[in-house]
Structures are given as C-alpha cells and as structure tokens.
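**Q** fold the following for me, if possible:
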Amino acid sequence: MRRKGATALLGCLVAAAGILAPAVAATRATTSYPLNADLHLKRVRVSSGPEEIRILTLTPGVVPDIAPATQQYPMWSLTSTMSARAGAIAGVNGDFGTGKGQPMHTLMIDGELWTTGQTSGRAVAWSSNGSRAYIGHPALHIRATGASGGLFDIHEWNAHAPTATSISAYTSRGGSVTRPPGKVNPVSTDPRWCAARLVPVNGIAWSGAARTSLVRRYSVQVQPQPCERTSLAVGSTAGAVVVASKFSSSLTNKVEALAPGDTVKLSWTFGGWPGVTDVMGGTQLLVDRGTNVAPDYTAGSDYILNYNPRTSVGISKGCSDTDASTTCRMFLITIDGRQSSTNWSKGVRLPFLANEQIRAGAWMALNFDGGGSTAMWVKKKDPAYCESSPGVGGCLAQRPSASTGERSTRTALVVLPSADTGTPAGLR
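**A** Here you go, the predicted model:
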C-alpha cells in the first residue's frame, strides 16, 4: 500500500511539474542582406507556425513608386515583370483587383488619376520623393470649374456608370473594360447619356504652394446634342477625358450645359494628404497610430481573415507628422503561407501581420492583396535569400503559395534606386 501510494504521489508531482513548466517560446531568427547602399532585405524565420517573413524598410535614398501591369484595363502581369520593367531594385504585389482586370480601389500614378475604384476602401499615398506618406480613407474630391465658377463634381473616375444625379469620367486607362456609357446599336427604350469630351490644354500642376490639389485645364472638344444613346469615345488625344451623366427629362443635366470651345478646369483633392502624387488602395487597416486594429478571425471568413500568405505596407510616424526633424520610412512586408506541409510557412491571420508591422516601426499599416498574389521580387540575386529566378532577371525572395509560381496581379509597389522620373517635373 505504501509503494502504491508513493507511486501515485510521484505521478501527481510529475503532472504538476508539467502544468507549471513554461511553454516553449517561439524562436525568431533574423538575417539582413544589402540590396544597395540604402536598402536592406530582412529575412525572418519564426519557428511557430512556422512562418517565413520578408521585410523591406525604405529610408531616404530610395523612392516608392507604382508599376501598373499594363497601360489600360484589363491589367494582368507578374510582380517580377512589373518591378523589372520599372527599373526597380525591389517590389511587392499591390492592391486587390477584379476578375475583369481592374484595380479594386483608388489608384493614382505620378499625379494621374487612374480610377476611384470599384469599391470604397483605404489607401496608402505618398509624395514623389517618398518624404511624405499617409494611410487611411482617401477623401478624394474631383471638381469641374468653368470661367464663371463651379460647374459640377465628378463622382466616379474609370469606375461605375453615372446616374441622373451623378457624373462619371472616363479616360483611355479604362481600355476595353471601362468605357463611357451607351450602346453601339441602341433601341428607343435604352437610356440616353449626356456626354462631353475634354482635351487637355496644359499638363497636370499643383494648385499652389500648399500642394493641396492637382489641377489641369481642358477645352470642350465635343458635346453631342441631343444627348445620345450611343457611347461617346474617349478618342486618341493623350489625356482626354469624357464626362457623362444619365439623361432625365425632369432634371437639369450639368454636362449638357457644356459647349464646344468652353474651358474647364478639373481639380483632384485628397483631403488631408497634401503633396501626394501616388495612391494605391488596399483593404483592412492593420495599424492605426501605433495600435494593432487588425480584424481577428471570424467563422466563414477564411478567404480574408484566416491563415493565408500576406502582403502589407506600413509607414512610420515621421511620414505624416508636422515635425520636420523626423524621417519617413515605409515598410513592405510579405509572409508566405499555405506551405506548412513542407515545414516552410503556414501563413498568418491579420493581427499577426499587424504586429510584424509594429515591430518593424509602423505607425500606420494597410493590408494588400495576399494569398497566391503575395510576391516579393529583388533585382540583386543572392543564393542566401533567392527562392526562384523569373525570366525577367532578379529573383523572388519568397515562395509563392501556388505550385505554378507567381500569380498575375494588377499593380506592384516598387522601390526605385533614385528619383521617380515618371512624375512630371512640376509635381516633384
């Protein structure tokens, strides 16, 4: 009986020791590799998961830019191709997109607005040299002004068709996907559209020293009367814009009031974001003023909120504060996923991604497209971090989740080795 009691007591002590023993902490191994004098790639291996994390920290000396897949919709290309074509030293995939090859959210490149997006969301924006940057809701206001004052607001840009109380604008960027409203062979029951084609008479410029708005002057080239059921083509003039609104017999149509030869000034204002020339949309806000605000997992939201490969962008507090002594840093982070069976990387939920941004130094951070789209390309090849070599040169510093490799996307956020020469000189 004593022996049995002693054995039982020993078992209880062993069990208690197991309960009180601390859990084995996840190990974190970090290695840094120079891509040039001003940019380093940080490779992080976290044992739990496991997770493979890649971090690019942009400091003064390197400049962010947006590389589009093509010059018109539909837009499809690989992150490596877009980055190499832009002359970049590194790049990651950008915003989500539609199945028609359109950017999902607001997009502006080198001062030219491409779209207000197919849906509302958040965005990251920056000045041409990357010294200022912002993350949040893009409070975009597009205004048309004539010789005698304000004419109308433009509600959509290369996005949705207008209504009788809204006005949409279209440029050649819409390609074969997003075109001015109307039909080739309409019938009498089809709606009529009041439209006008505006051709630029100068380049895009800042409205003043405060750089709160971008402006451009146009001349009305054509305004068909009566309002037609067919579509008014954008035409071949570089920078031309078609503005359109749905005709209603009970409402005064502001587009119909335009006449050929009229001068119209268009202005684009991102409220609270002065000086920005590049804007790229995203979805979930990850970090807000240093606090992790990423949405946690909820059942039924596996596609977005569960364990997945991730791409994100963050900015430091110095990017948008009023202290001239602080510097702006941007953080591009990718985390591989869907590869736990090979012990490479499981993928993460958004709060984990947000914590990585905070650890890197982010004051604000935004989630980009992920999953099979997650990609990080670098120009400088090194077997220490290269995982595969695309045909355009350079290498992927991470492993795409699909067995077929990189997935085509719409845009890439790239890192330039010097000034962004694609931005018009007057906007730099």
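**Q** any idea of the pLDDT on the residue nearest to residue 216 when sequence neighbours are not counted?
**A** Nearest non-adjacent residue to residue 216, counting by C-beta to C-beta, 6 or more residues apart in numbering: residue 204, 4.9 Å away. No exception for glycine: its C-beta is placed from N, CA and C like everyone else's. Here, the pLDDT recorded for residue 204 equals 98.
**Q** repeat for residue 298
**A** At residue 298, pLDDT is 88.
**Q** touching, it and residue 305? I think so.
**A** Yes - counting by C-beta atoms under 8 Å, residue 298 touches residue 305, with 6.2 Å between them.
**Q** more neighbours, these two?
**A** A direct count of neighbours by other C-beta atoms under 10 Å for residue 298 and residue 305 places residue 305 higher, at 18 against 10.
**Q** from residue 353, how far out is the more buried one?
**A** Distance, residue 305 to residue 353, using C-beta to C-beta, to the nearest Å: 11 Å.
**Q** the stretch 51-200 of the chain: strands as residue ranges?
**A** For the stretch 51-200 of the chain, the strands defined by DSSP state E, counting those that start in this stretch cover 51-58, 63-68, 90-93, 107-109, 112-115, 122-126, 133-136, 140-146, 149-154, 156-157, 168-170, 193-200.
**Q** I'd like the average pLDDT over the second one.
**A** Per-residue pLDDT values across strand 63-68 average out to 98.
**Q** for it, packing partners?
**A** helix 79-85, strand 107-109, strand 278-282, strand 411-416 (3 or more C-beta pairs under 8 Å, 6 or more residues apart in numbering; DSSP states H and E).
**Q** now those as TSV including mean neighbour count?
**A** Below are the helices and strands packed on strand 63-68 laid out as TSV (neighbours: other C-beta atoms under 10 Å):
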stretch	mean neighbour count
helix 79-85	25
strand 107-109	25
strand 278-282	26
strand 411-416	27
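**Q** which stretch among these comes nearest residue 370?
**A** Smallest distance to residue 370 across the helices and strands packed on strand 63-68 (C-beta to C-beta): 10.4 Å, for strand 278-282.
**Q** can you list the strands that the helix or strand just after that closest one pairs with?
**A** Per DSSP states H and E, strand 278-282 leads on to strand 285-288 as the next helix or strand towards the C-terminus. Strand pairing for strand 285-288, using DSSP bridges, gives strand 291-292 (antiparallel), strand 364-367 (antiparallel).
**Q** residue 105: which of those strands is closest?
**A** Across those, residue 105 has its closest neighbour in strand 364-367 (10.3 Å, C-beta to C-beta).
**Q** just how off-centre is the closest one within its chain?
**A** Relative to the chain's own centre, strand 364-367 is displaced by 10 Å; criterion: C-alpha atoms, centre = their mean, to the nearest Å.
**Q** just use 753 as the starting number from now, easier for me
**A** In the new numbering, first residue 753, that becomes strand 1116-1119.
**Q** and it, C-alpha only, in PDB?
**A** C-alpha atoms of strand 1116-1119 as PDB (Å, rounded to 0.1, in the frame of the first residue of the first chain):
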ATOM      1  CA  MET A1116       0.000  53.100 -39.700                       C
ATOM      2  CA  ALA A1117      -0.300  49.900 -41.800                       C
ATOM      3  CA  LEU A1118      -2.500  48.600 -44.500                       C
ATOM      4  CA  ASN A1119      -3.300  45.100 -45.900                       C
END
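**Q** for the strands of the stretch 803-952 of the chain, give me TSV that also has distance to residue 778.
**A** Formatted as TSV, the strands of the stretch 803-952 of the chain follow (distance: least, C-beta to C-beta, whole Å):
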stretch	distance to residue 778
strand 803-810	9
strand 815-820	31
strand 842-845	25
strand 859-861	38
strand 864-867	41
strand 874-878	29
strand 885-888	28
strand 892-898	42
strand 901-906	51
strand 908-909	46
strand 920-922	51
strand 945-952	56
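**Q** deepest of those, which one?
**A** Among the strands of the stretch 803-952 of the chain, strand 842-845 has the highest mean neighbour count (mean count of other C-beta atoms under 10 Å), at a mean of 29.
**Q** list the helices and strands that one packs on?
**A** In this structure, strand 842-845 packs against helix 831-837, strand 1062-1067, strand 1082-1087, strand 1128-1130, strand 1163-1168, with contacts taken as 3+ C-beta pairs under 8 Å, 6+ apart.
**Q** many thanks, have a good one.
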